[in-house]
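In: The sequence and its predicted three-dimensional model are supplied below.
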Amino acid sequence: MSERSETRRSFLRSAAIAGTAAAGISRSTFASPAAETYFAGAAEREITPPIGMEITHFVRENIGVHDPLFVRALVIRDAHGQQIALVSADALGAGFATCDEIRNRVKDQCGMDEVWFSCSHTHSGRWVLSTPTPGRKYTEELWWDDGTHVALTDRPAELEWNTAVHQKIVEVVREAKERLKPAELRTGRAKVKVGINRRVTRPDGFTHMGWNRQGVIVPWVSTLSAHNKKTQKPIFVLFEHAAHPVTVPHTSRLVSADFPGAAVTAMRKELPAECIAAFGQGCSANINSFPLRTTHEDATAAGTKLGAAALLAIEKSQVVGGDTIRFQSIPTLLPTRPLPSEKLIEQQLTAQHNHPDRIKQLNKIAAYRATRKAPPPRRLDAHGVMLGREFCLIGLPYEHFSHTERWIDREAPFANTMAFTLTNGGRGYIGSDAGLAMGANGGYEAGCMPNWSAHEVMSPNLGPPAVGSERIIQDAITALWA
């Protein structure tokens, strides 16, 4: 944690205490106000896919379950009746079409003012897809957004499971709402390292995936917990850390929530039976869990370590003041990197003649280039939940580099922050400006053509985001605080 961040947090805590003293209110009264300012409830449902259904990434048929997958809902209501549902799923991800569908359905059927749907990004689980509707065309943009090339209507078993997941999300939010109780909210943080920076740049300038022990990570876990106003027992714990859940080996054919699931299991051994613990994935696009793809036992060890740190954060947590939930979304677009030159396209059309998918993408790029228009931009909606001056939760679609979370921590005018990625949609990576500026050398997460191993080269946007996207994202997040 930076010295500036710690100084800011100390100042805000001191200001809160001083303000209450000036008003003739004791510190204990500030910590436990007489009025019922917040209400909280939580619930969960299992969403483990049946044996035989493919694990999404790397693709392999599952032959059983090492540990079950869950969807969990945390509902908070403020003194003015505003209600927000924070839904967390043990899933690889979900696109914009899926998240828009889920959020609208939950708002309509459960009476929520705001809904977030976030995924843990476990690589031993499933992608949650949108529900097919009559007459809907499967465009290439929808294929990409849904992370599939086969319509759910052609996979009856998966359609049944996916439909059930959507229904369970509604059910779990409804149950959490029914369980609302007067609550005290608290926020905390503790040091922990579960991952390692995975971007290594060779002497020739090319970036590949490996172990970068000097690379930037996010070495903490942040918590938001709700405690029963009467008994002080925790109702729910929301905890966030940044690391790809890839400790479970890609050769394992057992479904698993990886280290986030193990962390929840470890925490619930110490929490009341009725308390729900839910994980949120931080800015982990350039961070892998460590050790990488080894054993289920290593995933359990990493999760146990993370869970212990989260419990420590709760123990050290500060009470959230105020009586109002502030939430906002800032819709914006990220420009795409300029398209490759005609010369490079021609060279690649020859070099990639044995790769039909690449030839198809090159032809799309050439056709778009002929229009003389800028390549298609990316949708990026920045979301924020603010509680008093003590806490801010930022939600972002896609996978973001750790620099974004560290920037939020450094600049946010709040005592503590969380940053969720893979929230409310988005498939793929949003690199830092420094990574994007490397061009084809930018690696898997930020590289461009002719680096065909770079993730965004095959996207419907025809390339990765443009340099300068970092400032656009920061401006959108800053607008959430205004």
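Out: Good, I have the coordinates.

In: helix/strand/coil for the residue nearest to residue 452 when sequence neighbours are not counted?
Out: Leaving aside its sequence neighbours, residue 452 sits nearest to residue 358 (CB to CB, 6 or more residues apart in numbering; 6.3 Å). From N, CA and C alone the C-beta is placed, and that goes for glycine too. Assigned by DSSP: H, G, I helix; E, B strand; the rest coil, the conformation of residue 358 is helix.

In: To what extent is residue 358 buried, counted in neighbours?
Out: 19 (other CB atoms under 10 Å).

In: was I right about it contacting residue 350?
Out: No. Using CB atoms under 8 Å, residue 358 is not in contact with residue 350, being 11.5 Å away.

In: all strands of the stretch 201-350 of the chain, in order?
Out: Along the stretch 201-350 of the chain, counting by DSSP state E, counting those that start in this stretch, strands occupy 207-212, 220-228, 234-241, 254-255, 276-281, 287-289, 318-319, 325-334.

In: can you redo those strands as a markdown table with mean neighbour count?
Out: Compiled in a markdown table, the strands of the stretch 201-350 of the chain are given as follows (neighbours: other CB atoms under 10 Å):
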| stretch | mean neighbour count |
| --- | --- |
| strand 207-212 | 17 |
| strand 220-228 | 25 |
| strand 234-241 | 27 |
| strand 254-255 | 20 |
| strand 276-281 | 28 |
| strand 287-289 | 26 |
| strand 318-319 | 18 |
| strand 325-334 | 16 |
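
In: For these, give me TSV that also has distance to residue 390 and mean pLDDT.
Out: Below are these laid out as TSV (distance: least, CB to CB, whole Å; pLDDT from 0 to 100):
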stretch	distance to residue 390	mean pLDDT
strand 207-212	34	96
strand 220-228	10	98
strand 234-241	14	98
strand 254-255	38	98
strand 276-281	18	98
strand 287-289	27	98
strand 318-319	6	96
strand 325-334	12	97
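
In: any chance of the ones you listed in TSV, with distance to residue 127 too?
Out: Listed next are these as TSV, based on distance: least, CB to CB, whole Å:
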stretch	distance to residue 127
strand 207-212	21
strand 220-228	26
strand 234-241	21
strand 254-255	13
strand 276-281	14
strand 287-289	19
strand 318-319	37
strand 325-334	22
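
In: Figure out which of those strands is closest to residue 310.
Out: For those, proximity to residue 310 was assessed by CB to CB; strand 234-241 is nearest, at 4.2 Å.

In: Please export the C-alpha coordinates of the closest one as PDB.
Out: Coordinates of each C-alpha in strand 234-241 appear next as PDB, following Å, rounded to 0.1, in the frame of the first residue of the first chain:
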ATOM      1  CA  PRO A 234     -21.900 -11.400  10.300                       C
ATOM      2  CA  ILE A 235     -24.700 -11.800   7.800                       C
ATOM      3  CA  PHE A 236     -22.400 -11.700   4.700                       C
ATOM      4  CA  VAL A 237     -18.800 -11.100   3.800                       C
ATOM      5  CA  LEU A 238     -17.800  -9.800   0.300                       C
ATOM      6  CA  PHE A 239     -14.000 -10.100  -0.300                       C
ATOM      7  CA  GLU A 240     -11.900  -9.200  -3.300                       C
ATOM      8  CA  HIS A 241      -8.500 -10.200  -4.500                       C
END
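
In: Can you spell out which helices and strands pack onto that strand?
Out: On a contact count with 3 or more CB pairs under 8 Å, 6 or more residues apart in numbering; DSSP states H and E, strand 234-241 meets strand 38-46, strand 220-228, helix 258-268, strand 276-281, helix 296-315, strand 416-420.

In: Among the ones you listed, which comes closest to residue 290?
Out: helix 296-315 (7.6 Å).

In: Check what contacts the closest one and list those residues.
Out: By CB atoms under 8 Å, 6 or more residues apart in numbering, the surrounding residues in contact with helix 296-315 are 66, 186, 188-192, 194, 221-223, 225, 234, 237, 239, 241, 245, 247-248, 252, 254, 256, 258-267, 270-271, 277, 289-291.

In: Just the buried residues of these.
Out: The neighbour-count test (16 or more other CB atoms under 10 Å) applied to the contacts of helix 296-315 identifies 66, 186, 188-190, 192, 194, 221-223, 225, 234, 237, 239, 241, 245, 247-248, 252, 254, 256, 258-267, 271, 277, 289-290 as buried.
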